[in-house]
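Chemist: Give the three-dimensional model of this entry:
(chains A and B)
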Protein chains: 2
Amino acid sequence: MSQQKPSAPRGMRDFGPEEMFRRNYIFSTIRKTFEKYGFLPLETPAMEKLETLTGKYGEEGDRLIFKVLNSGDFLKAAREKGIDLSQYNSLQLVKHISERAMRYDLTVPFARYVVQYHHQLTFPFKRYQIQPVWRADNPQKGRYREFYQCDADVVGSPSLINEVELILILHETLTALDIPGFKIYLNNRKILAGMASVIGASDKLTALTIALDKLDKIGHEKVLEELSNNGFDNNALAALNDLMQAASTQNDVMPFLRSFLQADELGMKGIEEIDFVINTLNSLGFPDDCISVDMTLARGLDYYTGCIMEVKVPDSGYGSIAGGGRYDDLTGIFGMSGLSGVGVSFGADRLYDLMMALNLFPPFAENRYTYFFLNFGSDESLRCMQMIQKLRSHQIKCGIYPDSVKIKKQMEYADKMHVSFVCTIGSDEISNQTIGIKNMQTGEQRTITQSAFFNELGLLS
Amino acid sequence: MSQQKPSAPRGMRDFGPEEMFRRNYIFSTIRKTFEKYGFLPLETPAMEKLETLTGKYGEEGDRLIFKVLNSGDFLKAAREKGIDLSQYNSLQLVKHISERAMRYDLTVPFARYVVQYHHQLTFPFKRYQIQPVWRADNPQKGRYREFYQCDADVVGSPSLINEVELILILHETLTALDIPGFKIYLNNRKILAGMASVIGASDKLTALTIALDKLDKIGHEKVLEELSNNGFDNNALAALNDLMQAASTQNDVMPFLRSFLQADELGMKGIEEIDFVINTLNSLGFPDDCISVDMTLARGLDYYTGCIMEVKVPDSGYGSIAGGGRYDDLTGIFGMSGLSGVGVSFGADRLYDLMMALNLFPPFAENRYTYFFLNFGSDESLRCMQMIQKLRSHQIKCGIYPDSVKIKKQMEYADKMHVSFVCTIGSDEISNQTIGIKNMQTGEQRTITQSAFFNELGLLS
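Modeler: Alright, predicted model coming up:
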């Protein structure tokens, strides 16, 4: 039987060495900041019980969760329950043949973890989690079926100091990654609720949030059209039009907001929270131009209740590279209420794409061999290996071409591997106790004694 | 509806902060050695096409692969093909409702990767891969449904120098982890093939391998019994009995082997290979007592063809913590032959269990806050945050309790978090520009000026 060339599943990717260096650079920069701010690492399994995930991401989300077939004779149990398979549709059958599903985000498994282990945890619990998630979405440019999320959350503390610290983390991480001109947009769900109330649409807050969330993509007109279709009256639409106008034209929207929301207690609470965050950041010398209040920022997720934030590089053509917010009752979905949480999440894959487009990755020279020895045969290679082991004992990265093939081929290999120095020990060098060294960057070649070589490195030969 | 306490799926684990510190210590030690020896990182997706994995791990393996349900209306496609579900059993149905499966090991995805990208790769290709794998095995002590493998392989080089380097990696990594008394057992599949040939059982090599692989668990008698049931005649059994006797009693089995295999070309080739590896290691000063030839070492996997190795801590009660071997034609399963490979794999979870039992983990003090500030209210916390940001700009790990709750509760938190120093700035300290510092290890308390505090750290205040 002829065999097709094998490949990874659609929408899922292999990461070869070059990509891994770049990805690890992003992950380790994020991890370092998370840890410096006192967040502790957590990992949860790739699979959760299906019941843990179902119903947490809306109907669309439920559809996009990858379900895992029960192992063994998965139909047997269903048949034993007297189920006539031919009468079932996929949606009905799935719960009889699948008990497990793939992690869809890091937030719900984290909530499950907190509820499961809350007796052992010390609150406020600050955890970070950097793991892949899986979604059965239609793959397209920048959208994958397996991708990484990098989350940091604090659970069990209502203090706005957490919001401030998370914004500092966003800033410090993206600065460390050298992302140029990024901007943190800040809003508060209480302000959105206040707006809905002021325009007489408190019962339509979700519709308002969903419509505003699309503002970037579809523009003012279409947002108003969608809201009109959702039953917002003309007065409400006029007020929202004013609001979107102000948001897009005024440098400081706070005066507008204060006047718009003055009669709404919850809205004014939202303003107070934003004020605290902005004022505290100012006192800490946070750069003004890195953050701005965007009263049309909505964020898709239903569970946010307080501050929300999102990071973009304006005019980069890339969407949000990070975001987050306060949720007052996430663990409530697992029957444990009263635990307020707040978190941020970096989209590692979008950051990667942006950094590739802007050529922001360093060269990762430390991942190459410093000294690479050519292989002239068994006696020579043994002498090389003795030197190599000595170098390695000083944490120097080096190696030898394993086969004594043509030197041209070995040099080509050294070249492709971007080694710093190629070392040669042939029969002459063995009898003279010397070593040939070629600097692969400059092309400079020299032969020195082996003891001089070690001396130059500050090592005993 | 009352809600049960949620939990992770059976056989899969959450790793909280303490476990993560320990696990990351193992992973980073392994990774550091792999990189020092010139291995490059690779990651493949958690899922592979089902066809990529099916038939690669034997019948039992096929059964233990976690299959992922097709997304959307998975029954629709099956029904459109005219399949009457009620007539199907699980095994027949699975290929119609599942196209993807979870990674079962790292070797087959690596072979798939090499075949898929071979035009872009530079051979010999040295890659390492540290990722979880999933098996629908019955969970028990030390056996999980999600666990990590840490593999390093060289593909495209027949040189035994690779075997030597991989053994150096095993030794260097386990030494760095401080594993006491570990021993590397070495054998060669050519020797096993030679044995089978000498005893007239060349056609029963697989049965011999499978039986020998159980020697540790079931003992000489049972191995001979199993072989007898598999049609080995009395002469063969007597010869194998001699061989197992020699293996368990003689310090150096090479003289026995040389005489046993003298008439068998392939067997003698195996001896020659082992000799090269052992002699080269000796020339490199490798410690004698860390390695020994075990002519009964078989290793389960079918695809090995040359040197095989396994690492154990004798009498620890733990089985193999690492292993590996040479396979001459792994990519042949994907239609690309002639690429010889050799690799090692660390079992991170078994290493973890062993290191826990032997209390080998360091305390991970660097993962705690160095300075932790108590929160006395809004003015005080703002001053603290200003100091904290200054400390953080020097990569010092510090933080503040986010809420101004009772000091007793804050101190309990600091204690549980194992912080090094607790810092206090109350109203007195603000007016005097001082800071209270408590060494949490010694209990020593002092109050100094804030500028003296920065001075002590060598920082400008």
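
Chemist: so is residue A:147 in a helix, a strand, or just coil?
Modeler: Of the three states, residue A:147 takes strand under DSSP: H, G, I helix; E, B strand; the rest coil.

Chemist: who's in contact with the closest residue to it other than its chain neighbours?
Modeler: Of all residues not flanking residue A:147 in the chain, residue A:349 sits nearest, at 4.6 Å (C-beta to C-beta, 6 or more residues apart in numbering or on different chains). Glycine gets a C-beta too; all of them are placed from N, C-alpha and C. Going by C-beta atoms under 8 Å, 6 or more residues apart in numbering or on different chains, residue A:349 touches A:142, A:144, A:147, A:148.

Chemist: From chain B, how far off is residue A:349?
Modeler: Distance, residue A:349 to chain B, using C-beta to the nearest C-beta, to the nearest Å: 13 Å.

Chemist: In the stretch 1-150 of chain A, mark out all the helices, start to finish.
Modeler: For the stretch 1-150 of chain A, applying DSSP state H, counting those that start in this stretch gives helices covering A:17-36, A:50-53, A:58-64, A:74-80, A:90-97, A:107-117.

Chemist: quick one, the first one and helix B:17-36 angle?
Modeler: Following axes from the mean of the first three to the mean of the last three C-alpha atoms, to 10 degrees, one obtains 150 degrees for the angle between helix A:17-36 and helix B:17-36.

Chemist: what packs against helix A:17-36?
Modeler: strand A:125-134, strand A:146-155, helix A:161-176, helix A:348-357, strand B:40-41 (3 or more C-beta pairs under 8 Å, 6 or more residues apart in numbering or on different chains; DSSP states H and E).

Chemist: Give me the distance between stretch A:301-319 and the centre of its chain.
Modeler: 14 Å (C-alpha atoms, centre = their mean, to the nearest Å).

Chemist: from the contacts of residue A:349, which would you call buried?
Modeler: Buried by 16 or more other C-beta atoms under 10 Å in any protein chain shown: A:144, A:147, A:148, out of the contacts of residue A:349.

Chemist: Who does the second one form a beta bridge with?
Modeler: Right, the one you point to is residue A:147. On the basis of DSSP bridges, residue A:147 is bridged to residue A:133.

Chemist: Now do the contacts for it.
Modeler: A:132, A:133, A:135, A:347, A:348, A:349.

Chemist: Save these as a markdown table, and put in pLDDT too.
Modeler: Formatted as a markdown table, the contacts of residue A:147 follow (pLDDT from 0 to 100):
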| residue | pLDDT |
| --- | --- |
| A:132 | 97 |
| A:133 | 97 |
| A:135 | 96 |
| A:347 | 94 |
| A:348 | 94 |
| A:349 | 94 |
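
Chemist: Who wins on neighbours among those?
Modeler: residue A:135 (23 neighbours; other C-beta atoms under 10 Å in any protein chain shown).

Chemist: ok, now how distant is it from chain B?
Modeler: According to C-beta to the nearest C-beta, residue A:135 stands 9 Å off from chain B.

Chemist: How many neighbouring residues does the nearest residue to that residue once chain neighbours are set aside have?
Modeler: Distances taken as C-beta to C-beta, 6+ apart put residue A:64 closest to residue A:135, at 4.8 Å, once the chain neighbours are dropped. Using other C-beta under 10 Å, residue A:64 has 18 neighbouring residues.

Chemist: Isn't residue A:64 up against residue A:137?
Modeler: Yes - between residue A:64 and residue A:137 a contact is recorded at 5.6 Å, counting by C-beta atoms under 8 Å.

Chemist: just for the stretch 1-150 of chain A, where's the confidence low?
Modeler: A:1-3 (pLDDT under 70).

Chemist: related to what we said a few turns ago, hey, which of the helices of the stretch 1-150 of chain A is tucked in deepest?
Modeler: helix A:107-117 (a mean of 22; mean count of other C-beta atoms under 10 Å in any protein chain shown).

Chemist: for that one, packing partners?
Modeler: strand A:47-49, helix A:50-53, strand A:125-134, strand A:146-155.

Chemist: Can you tell me what sits against the first one?
Modeler: Here strand A:47-49 makes contact (C-beta under 8 Å, 6+ apart) with A:68, A:99-103, A:108-109, A:112, B:6-9, B:12, B:66, B:134, B:146.

Chemist: Strand partners (parallel or antiparallel) of it?
Modeler: In the sheet, strand A:47-49 lines up with strand A:100-102 (antiparallel) (DSSP bridges).

Chemist: how much distance is there from stretch A:152-171 to the middle of the chain?
Modeler: 17 Å.

Chemist: Could you check it against chain B for contacts?
Modeler: Yes - using C-beta under 8 Å from any C-beta of the partner chain, stretch A:152-171 reaches chain B at A:154, A:157, A:158, A:159, A:161, A:162, A:164, A:165, A:168.

Chemist: and those as JSON lines, adding neighbour count and distance to residue B:321?
Modeler: JSON lines is the format used below for the residues of stretch A:152-171 next to chain B (neighbours: other C-beta atoms under 10 Å in any protein chain shown; distance: C-beta to C-beta, whole Å):
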{"residue": "A:154", "neighbour count": "26", "distance to residue B:321": "38"}
{"residue": "A:157", "neighbour count": "20", "distance to residue B:321": "41"}
{"residue": "A:158", "neighbour count": "17", "distance to residue B:321": "47"}
{"residue": "A:159", "neighbour count": "21", "distance to residue B:321": "46"}
{"residue": "A:161", "neighbour count": "25", "distance to residue B:321": "45"}
{"residue": "A:162", "neighbour count": "23", "distance to residue B:321": "42"}
{"residue": "A:164", "neighbour count": "24", "distance to residue B:321": "46"}
{"residue": "A:165", "neighbour count": "26", "distance to residue B:321": "41"}
{"residue": "A:168", "neighbour count": "20", "distance to residue B:321": "42"}
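
Chemist: Look at the nearest residue to residue A:150 once chain neighbours are set aside and give its secondary structure.
Modeler: The shortest distance from residue A:150 to any non-neighbouring residue, by C-beta to C-beta, 6+ apart, is to residue A:346 (4.1 Å). With three-state DSSP as the basis, residue A:346 sits in strand.

Chemist: Please apply the same query to residue A:339.
Modeler: The three-state assignment at residue A:339 reads coil, by three-state DSSP.

Chemist: distance of it from residue A:326?
Modeler: Going from residue A:339 to residue A:326 by C-beta to C-beta, to the nearest Å gives 12 Å.

Chemist: So between these two, which is more surrounded?
Modeler: When neighbours are counted by other C-beta under 10 Å, residue A:339 and residue A:326 differ, and residue A:326 comes out ahead with 25 against 22.

Chemist: did I read that right, that one in a helix?
Modeler: No - in this structure, residue A:326 is strand, not part of a helix, as judged by three-state DSSP.

Chemist: leaving aside the residues next to it on the chain, what's closest to residue A:354?
Modeler: residue A:318 (4.7 Å).

Chemist: you'd agree residue A:362 is up against residue A:25?
Modeler: Yes - if you go by C-beta under 8 Å, residue A:362 and residue A:25 touch, sitting 7.2 Å apart.

Chemist: Mutual contacts of the two, please.
Modeler: By C-beta under 8 Å, 6+ apart, no residue touches both residue A:362 and residue A:25.

Chemist: what's the domain layout of chain A?
Modeler: Under the assignment automatic domain parsing, the domains of chain A span A:17-47+A:105-357, A:371-456.

Chemist: quick one on the thing from earlier: please name the residues that touch the residue nearest to residue A:135.
Modeler: Going by C-beta under 8 Å, 6+ apart, residue A:64 touches A:57, A:104, A:135, A:136, A:137, B:71.

Chemist: What helix or strand is residue A:186 located in?
Modeler: In this structure, residue A:186 sits in strand A:183-188 according to DSSP states H and E.
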